[in-house]
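*Asks:* model this:
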Amino acid sequence: MSPTAADALARLWVDRGFDIDETTPAKLSRTALFGRDAPLVVEIGCGMGEAMLAMAAADPERDYLGVDVHTPGLGAMLAKAEIDGVRNVAVARGDAVELLRHGVGPADLDAINVFFPDPWPKARHHKRRLIRPEIVLLMRDRLRPGGVLHAATDWVHYAEQMRDVLTADPGLRKTSEGYTPRPSDRPLTKFERRGIAAGRSIHDLVFVRRLDPDSSEPVTPD
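*Replies:* As a prediction, this is how the structure comes out:
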C-alpha cells in the first residue's frame, strides 16, 4: 500500500469507510457515510475507483459507494476523492453479496454497476461468477423500480452468459436490443484500454428494474 493510500485510510475511514462483517451483519447508514440521504449508486468491484470517481464527480446529486476486498485500492480511491474534492464517494470493504443481503434493503438503490468482474474463465469455476440468476435476483430486489443494473465485460463468453441471465429475469427489462453501446457516463478506464489494445471487444449491458414485473414494457433506449 502506498503511503498516500495508508494515510487516507487512517484519516478518512471513520467517516467514509464501511466494513462488511459477515458474522455480525450491519445495515449501511447513508447519513453516516455521506451526511445525507440521496439516491445511492453501488459499484461492485470498484478497484482503484477510476470509473466511479469520474462518474461521481459528474453526478453530484447522487452518492456513490465502491465495494471491493482490496484495501490498498480503497485507500487510493479515498485519497484521490479528497484531492479532487469529490465528496459524494464512500467505500465498503468485503463481500458485495453480503452487503446486498444485509447492508441495504429492498428498493434502496438507484443503480448497481458491475464493471469488468472476474470472468472465472474455466468452466468448473463459472458457478463463482457474480452475474448468475440468484445474485441478479438479489440485485434486482435492492434496486428501486426504474433503477439501473449496468454490467460490462471484455470476456465474450461471460458477456453471453450475462446477457442470457439478465434477459431471463422477469423483473428486468433491457434498454437496447443486443449489447448496449458504452453509455457516455461510463468512463473508459485503463483496464478497458488494455483490453481494447489486446484486441478484446467490450460488451455493456444496461437493464432497468420494471415498474411492474407482470407488465410487458417495451425495450427502450434510456
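*Asks:* list the contacts for the spatially most central residue of the chain?
*Replies:* The centroid of the chain falls nearest to E43 when counting by C-alpha atoms, centre = their mean (2.2 Å). Applying C-beta atoms under 8 Å, 6 or more residues apart in numbering, we find E43 in contact with 51-52, 64-67, 112-115. In short, each C-beta sits where N, CA and C put it, glycine included.
*Asks:* now it, what's its secondary structure?
*Replies:* strand (DSSP: H, G, I helix; E, B strand; the rest coil).
*Asks:* so how far is L65 from it?
*Replies:* Distance of E43 to L65, computed by C-beta to C-beta, to the nearest Å: 7 Å.
*Asks:* next one: M77
*Replies:* Taking C-beta to C-beta, one finds M77 at 11 Å from L65.
*Asks:* Need the contact partners of the lowest-mean-pLDDT helix or strand in the chain.
*Replies:* Using mean pLDDT, DSSP states H and E, helix 190-197 stands out as the lowest-scoring helix or strand of the chain, at a mean of 86. Residues outside helix 190-197 that contact it (C-beta under 8 Å, 6+ apart) are 47, 50, 116, 152, 154, 202.
*Asks:* Sitting in helices, which of the contacts of E43 do you find?
*Replies:* Counting by DSSP state H, the contacts of E43 place 51-52 in helices.
*Asks:* Can you name the next helix or strand after the least confident helix or strand of the chain?
*Replies:* Downstream of helix 190-197, the next assigned helix or strand under DSSP states H and E is strand 203-209.
*Asks:* Could you count how many residues lie near R140?
*Replies:* 22 (other C-beta atoms under 10 Å).
*Asks:* shouldn't it be in contact with P170?
*Replies:* No: taking C-beta atoms under 8 Å as the definition, R140 is not a contact partner of P170, at 9.4 Å.
*Asks:* rewinding a little: just checking, which of the contacts of E43 belong to strands?
*Replies:* Among the contacts of E43, DSSP state E puts 64-67, 112-115 in strands.
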